[in-house]
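Undergrad: the sequence isn't on hand, but the structure is:
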Ligand code: SAH
């Protein structure tokens, strides 16, 4: 067993002072994901592809439909960012194959434990540590579900004396958010100049970098991308950093590396970055609406017709994916495409 990450942070902070929220989140999630498969009932959280095959199938159909209407360009590569157990890729590729879209999956994955799980379902996959080594020729069909929310956010907080970076320090021996010393006023957009004391601006430079790269690749190589995550369509103030362990919200500072740290995705900021790189923003919509327009109701009926004893489970899964109070409204789907590619269904 390696030393608990909490001890590592305590020592670091004792010796060199507080660390930024971004540093804290990056190190915590690197440790968390590398050491385990967090998905499923026995794990910490359940994702849409693990709820039902309908999720991956409908995304696969979305990709195949767009690819066909783009004139079936070849070569074409399926790319998934943070593919978890590989379940979404399995369901999506199976659905896409029925329309003649055969591709070898490319996975961007950092976790040793999850890579092993992905290998079982996808012995032919190609793994990448980041996006830079993805194929440079051929259209890219990119999917990222609950990937951006795991990337480290940076927070700036309005203190009495001005804006400061929000840090993690030690208060009475416990890891605790504190206000940093260095002035950050120059980093604050003028729209927030009058924000009250305590206001927090959260940004995710790592997510911005991913979307910048994806959009540039789409513009240069053709293709489309779907980013699915919980988040807000419009920017807002406040911290959304949260931790989940064993399906419960826990204190993000209590046990770094032992809980999943996430933050809401700022889709408006990401859409602007994609467009600035020459990609087309197809829209950002609620997951419930998107899956309904893609035909989740009909797909559920078909599954029930072929296995009537599963009816209750299929309907419960459908409701979890599209229900207003469940994943349907909190989760958003953002679509991007190359400028010359057609519009996507569901937006
Ligand atoms: N998409 C999957 C898993 C979501 S969990 C699903 O929906 O079930 C987040 C995924 O992103 C995991 O596979 C995790 O290992 C991966 N991940 C998190 N941070 C990463 C990073 N910085 N680089 C690459 N992969 C990362």
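TA: Perfect, I can see it now. In this text, all values refer to a predicted model and were calculated from it rather than measured experimentally.

Undergrad: my guess is residue 21 contacts residue 156. True?
TA: No. At 9.5 Å, residue 21 and residue 156 do not qualify as touching, with contact defined as CB atoms under 8 Å. From N, CA and C alone the C-beta is placed, and that goes for glycine too.

Undergrad: which one of those two is surrounded by more residues?
TA: Taking other CB atoms under 10 Å, residue 21 and residue 156 do not tie; residue 21 has more neighbours (28 against 21).

Undergrad: just give the nearest non-adjacent residue to that one, would you?
TA: residue 155 (4.7 Å; CB to CB, 6 or more residues apart in numbering).

Undergrad: pretty sure that neighbour contacts residue 239?
TA: Yes. Between residue 155 and residue 239 there is a contact at 6.0 Å, judged by CB under 8 Å.

Undergrad: any common contacting residues for these two?
TA: Common contact partners of residue 155 and residue 239 (CB atoms under 8 Å, 6 or more residues apart in numbering): 166, 200, 202.

Undergrad: so the last one: helix, strand or coil?
TA: Local secondary structure at residue 202 is given as strand here, using DSSP: H, G, I helix; E, B strand; the rest coil.

Undergrad: what do you get for the first one?
TA: Using three-state DSSP as the criterion, the local structure at residue 166 reads strand.

Undergrad: could you pull up phi and psi at the spatially closest residue to it that is not a sequence neighbour?
TA: Nearest non-adjacent residue to residue 166, counting by CB to CB, 6+ apart: residue 155, 3.8 Å away. Backbone torsions of residue 155, given as degrees, to the nearest 10, read phi -120, psi 140.

Undergrad: now residue 155: how far from residue 194?
TA: Distance check for residue 155 against residue 194: by CB to CB, to the nearest Å, it reads 19 Å.

Undergrad: who has more neighbours out of these two?
TA: A count of neighbours by other CB under 10 Å puts residue 155 above the other of residue 155 and residue 194, at 24 against 8.

Undergrad: quick check: residue 31 touching residue 260?
TA: No. Contact status for residue 31 versus residue 260: not in contact, 11.3 Å apart, counting by CB under 8 Å.

Undergrad: neighbours of the closest residue to the ligand within the stretch 151-300 of the chain, how many?
TA: In the stretch 151-300 of the chain, no residue comes nearer to the ligand than residue 151, which is 6.0 Å away by CB to the nearest ligand atom. Using other CB under 10 Å, residue 151 is surrounded by 22 other residues.

Undergrad: before we move on, what about the one 10 residues further on?
TA: Burial of residue 161, expressed as a neighbour count using other CB under 10 Å, amounts to 10.

Undergrad: residue 262 too?
TA: 24.

Undergrad: also the one 10 residues further on?
TA: Under the neighbour criterion other CB under 10 Å, residue 272 is assigned a count of 14.

Undergrad: pLDDT score for it?
TA: pLDDT for residue 272: 97.

Undergrad: residues contacting it?
TA: Applying CB under 8 Å, 6+ apart, no residues contact residue 272.

Undergrad: helix or strand: which one has it?
TA: Using DSSP states H and E, the element containing residue 272 is helix 267-276.

Undergrad: so for the helix or strand following that helix, mean pLDDT?
TA: Next along the chain after helix 267-276, taking DSSP H and E as the criterion, comes strand 280-286. For strand 280-286, the mean pLDDT works out to 97.

Undergrad: same deal with stretch 205-216?
TA: Averaged over stretch 205-216, pLDDT sits at 98.

Undergrad: which other residues reach that stretch?
TA: Outside stretch 205-216, the residues that reach it (CB under 8 Å, 6+ apart) are 22, 26, 81, 131-132, 140, 142, 144, 147-148, 151-152, 154, 225, 227, 265-266, 269-270, 273-279, 336.

Undergrad: got the contact list for residue 244?
TA: 44, 45, 250, 259, 260, 262.

Undergrad: for the fourth one, give me the pLDDT.
TA: Reading off the confidence values, residue 259 has pLDDT 96.

Undergrad: quick one: it and residue 249 touch, right?
TA: No. In this structure, residue 259 is not within contact of residue 249 by CB under 8 Å, at 9.3 Å.

Undergrad: overlap in contacts, the two.
TA: With CB under 8 Å, 6+ apart, residue 259 and residue 249 have common neighbours residue 243.

Undergrad: looking at these two, which is more packed in?
TA: Taking neighbours as other CB under 10 Å, residue 259 and residue 249 compare with residue 259 leading, 25 against 10.

Undergrad: flag every residue of this protein that's near the ligand.
TA: Residues of the chain lying close to the ligand by CB under 6 Å from any ligand atom are 29, 33, 39, 47, 49-50, 82-84, 88, 108-111, 114, 145-147, 150-151.

Undergrad: please redo it, this time with the cut-off set to 5 Å
TA: Counting by CB under 5 Å from any ligand atom, the chain comes close to the ligand at 33, 47, 49, 82, 84, 110, 111, 114, 145, 146, 147, 150.

Undergrad: got the contact list for the last one?
TA: It stands for residue 150. When contacts are counted by CB under 8 Å, 6+ apart, residue 150 touches 29, 33, 82, 260, 261, 262.
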